[in-house]
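**Q** how does the following fold in three dimensions:
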Amino acid sequence: MELTTGVVVHLLVELVLVIRVMLKPHRDPASRIAWIAVIGFVPFLGILGYLLFGETNIGRRRSERLRQVLADMPEAPPIDASEETNLSPSIPSKYQPLFRLGESISGFKPVGGNSATLMKDSNTTIDSMVADIDAATEHVHLLFYIWLADNNGTKIVEALKRAASRGVVCRAMVDNLGSRAMIRSEHWQSMQDAGVRLAIALPIGNPFLRTLIGRIDLRNHRKTLVIDGHTTYCGSQNCADPEFLVKAKYAPWVDAVMRFEGPIARQNLQLFASDWMTYTDDSMHDLLREPLVAPEPGIPAQVIGTGPTSRYSAMSETFEALCYSAQKELVISTPYYIPNDSIQNAICSAAYRGVKTTMIFPARNDSWVVAGASRSYYAELLEAGVVIHEYQGGLLHTKSLTLDGEVTLIGSANMDRRSFELNYENNILLCDSQLTEAMRERQQSYINQSQLISLDSVISWTYSRRLWNNTLAVLGPIL
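**A** Here you go, the predicted model:
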C-alpha cells in the first residue's frame, strides 16, 4: 500500500511539473519536449533537476529590486549643441536597424566620438588595466565573472588598493560562483580594509534554500572596467592569467578585449550601476548625472546588456540580426556553441545566400558536454557551406563577430543557451572599418592556428560518436 501511494504521489508531482512546463511562457517547443522527457523518464532526478534548473528566476525580491533600480536610473545627461555632431553617430543606413535593435534591448542609443584599441593579448590587457587604474583621478568601477588570486588577479587587487589609498572611489563587484575563490581569499578582505567598496552579484547563500526562491545557476557573466567615466574595456577575458590554473590543462585561454575611450564608457558605467545598486544601498545616481565630456570625432558604438531579466531572447536576436545583415563575409569565434534553431538557421542562411561564412571553435573544450553538443551541429553547417575551423593553440575563449569588414560585436556572450537565457552579459556593437579590420586580423590569426574541419571527416565519424553528440544536443535546451 505504501509503495502504491508513493508511486501515485510521484506521478502526480510529475504531472504538475509537466503542466507547469507547458504553461511556462517564453519556452520554445524543443525545451518543453526536453524537460518533459527528463521529468518523465528519469525518476526522482528528473523532478529534482527541474526544480533546480528548470525555470529562469533570480528570485522575486531580486527581480523587484532590479526593476526599481532601472526605473529610478537617471536619464542620460543633456547634450550641448557643440557636442551634437560628435555624439550623434554616422552609421550607414544598412546597419542602422542593428543599432535600433540594440537600443530596444538596453535602452542605449548608439553614440559617436569614441576611439578604441584591440589589446594584443591577455597579459597586455591586464597591464593596460593596471596602468589606467593607477592613472585614475576620480573613480574606478570593475565587474568580473571570474577573478582569480593569481599573478594578473593580484595585480588588479593591488592597483585598486593603491587607487583607494589616494582617494579614488573604487567599486569592485564579482559573481558569487565564478569568483568564490577570490571572495574567500585574504585579498578580498585586504581590498575592503584599503577602502575599496565591494559587492557580490547573485549571492548563493545556502544552496538548498536558494533553490526555493530562485534558480541557483543564473550568473553574472559580465566583464567590465570603467575608469573615470571615459575609459572602458569590453571583451571575453576574466581577471586571471592566460594559464588559468583552475583549468590548466586547457591553457592558454585565448581572449580578445578592446579598450575604449569616449562616451561609450558612460553606457558601460550605467550598466555597471544597474548591477551594483541591485545588490547594495550605495547609490550611483549623482555620478550618472555628471555631464559628458565633449568628445572628439570618433567611431559609433553601443553597449548591449542582456540577462534573464531582460527581454526574452534579446541576445539571440542580436546574433541573428547580425547574421542576416551580412552580405559579403561573416566570421564568428565562440568557445561554446549550443544554438537554438533560429541561430543555426541564420548562420546557415548566410552561407546559402553566398556570404563567406566562417566559424572558429576550440579544438579542446573545458566542457565535454558542450564540446559534444556543439559538434552535433557541424554537419548541417558544413552542408550549408559554412567553413569550420577548430583552434589548436589552447582554449579559444574569444567571443567575436565581424561582418562585411565594417561591423564588430565583442563582449562576454557565447552562442549558447546560457548566454541567451541565463547569464547577464555585456557586449559592445561598433561600426568602423579600421577597428573591424583589426578584429578580423585577430580572427585570421586564430584560423592560422586551426584545423579545417571537412564535411567528409564529419560524415566519417563513427555511429557511436554521432549518437553521443546528438544525445548531448537533445539535452541542449536544458543545459
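**Q** report the rounded mean pLDDT for whichever helix or strand residue 456 is part of.
**A** Residue 456 belongs to helix 455-459 when assigned by DSSP states H and E. Averaged across helix 455-459, pLDDT comes to 96.
**Q** just for the stretch 351-479 of the chain, where's the confidence low?
**A** For the stretch 351-479 of the chain, the stretches with pLDDT under 70 are 476-479.
**Q** quick check: domain ranges of this protein?
**A** 2-53, 60-96+107-303, 314-478 (automatic domain parsing).
**Q** by mean pLDDT, flag the weakest helix or strand of the protein.
**A** When each helix and strand of the chain is scored by mean pLDDT, DSSP states H and E, helix 81-87 comes last, with a mean of 55.
**Q** wasn't residue 357 part of a strand?
**A** Yes: the assignment for residue 357 by DSSP: H, G, I helix; E, B strand; the rest coil puts it in a strand.
**Q** residue 347 is in contact with that one, correct?
**A** Yes: using C-beta atoms under 8 Å, residue 357 is in contact with residue 347, at 6.4 Å. Any C-beta I mention is one placed from the backbone N, CA and C, and that applies to glycine too.
**Q** ok, these two, which is more surrounded?
**A** residue 347 (28 against 25; other C-beta atoms under 10 Å).
**Q** helix, strand or coil for residue 164?
**A** Quick answer, by three-state DSSP: residue 164 is helix.
**Q** wait, isn't it in contact with residue 198?
**A** No: in this structure residue 164 lies outside contact range of residue 198 using C-beta under 8 Å: 10.8 Å.
**Q** shared neighbours of these two, anything?
**A** residue 191 (C-beta atoms under 8 Å, 6 or more residues apart in numbering).
**Q** have a look at the two and say which one is more surrounded.
**A** The neighbour comparison of residue 164 against residue 198 (other C-beta under 10 Å) goes to residue 164, with 20 against 16.
**Q** tell me, how many residues neighbour the residue nearest to the more buried one when sequence neighbours are not counted?
**A** Nearest residue to residue 164, sequence neighbours excluded (C-beta to C-beta, 6 or more residues apart in numbering): residue 195, at 3.9 Å. Using other C-beta under 10 Å, residue 195 has 15 neighbouring residues.
**Q** quick one: contacts for residue 195?
**A** Residues near residue 195 by C-beta under 8 Å, 6+ apart: 164, 165, 170.
**Q** and of those, the nearest to residue 37?
**A** Using C-beta to C-beta, residue 170 is the member of the contacts of residue 195 that lies nearest residue 37, at 48.7 Å.
**Q** sorry, back to before: least confident of the domains of the chain, on average?
**A** domain 2-53 (a mean of 72).
**Q** check which helix or strand residue 361 maps to.
**A** strand 356-362.
**Q** pull the residues that contact that strand.
**A** Applying C-beta under 8 Å, 6+ apart, the contact partners of strand 356-362 are 250, 326, 328-335, 337, 347, 350-351, 374, 381, 384-391, 394-397, 443, 446-447, 450.
**Q** partner strands of it, parallel or antiparallel?
**A** Strand pairing for strand 356-362, determined by DSSP bridges: strand 329-333 (parallel), strand 387-391 (parallel).
**Q** what residues of the helix ranked longest in the chain count as buried?
**A** Criterion DSSP state H: the longest helix present in the chain is helix 2-23. By neighbour count on 16 or more other C-beta atoms under 10 Å, the buried set for helix 2-23 is 14, 17, 18, 21.
**Q** in TSV: these, plus distance to residue 436.
**A** Converted to TSV, the buried residues of helix 2-23 look like this (distance: C-beta to C-beta, whole Å):
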residue	distance to residue 436
14	51
17	47
18	47
21	42
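**Q** quick revisit: buried set for the helix holding residue 456?
**A** Within helix 455-459, judged by 16+ other C-beta under 10 Å, the buried ones are residue 458.
**Q** using CSV, list the CA coordinates for it.
**A** Taking C-alpha atoms only, helix 455-459 is exported to CSV below (Å, rounded to 0.1, in the frame of the first residue of the first chain):
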residue,chain,number,x,y,z
LEU,A,455,32.2,17.5,-44.3
ASP,A,456,33.8,14.2,-45.3
SER,A,457,35.6,13.9,-41.9
VAL,A,458,32.3,14.6,-40.0
ILE,A,459,30.4,12.1,-42.1
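**Q** contacts for it next, please.
**A** By C-beta under 8 Å, 6+ apart, the list of residues contacting helix 455-459 reads 375, 378, 379, 382, 383.
**Q** quick one: buried residues of the very next helix or strand once past that helix?
**A** As assigned by DSSP H and E, the chain's next helix or strand after helix 455-459 is helix 463-474. By neighbour count on 16+ other C-beta under 10 Å, the buried set for helix 463-474 is 468, 469, 472, 473.
**Q** show me what helix 463-474 is in contact with.
**A** 34, 338, 369, 372, 373, 375, 376, 377, 461.
**Q** just to revisit the earlier point, out of the strands paired with strand 356-362, indicate the one that is most buried.
**A** strand 329-333 (a mean of 23; mean count of other C-beta atoms under 10 Å).
**Q** and the next element down the chain from it?
**A** That would be, after strand 329-333 and using DSSP H and E, strand 337-338.
**Q** in its sheet, what does that next one sit against?
**A** With DSSP bridges as the test, strand 337-338 pairs up with strand 415-416 (parallel).
**Q** what distance separates the strand it pairs with from the centre of its chain?
**A** Taking the mean of its C-alpha atoms, strand 415-416 sits 9 Å from the chain's own mean (C-alpha atoms, centre = their mean, to the nearest Å).
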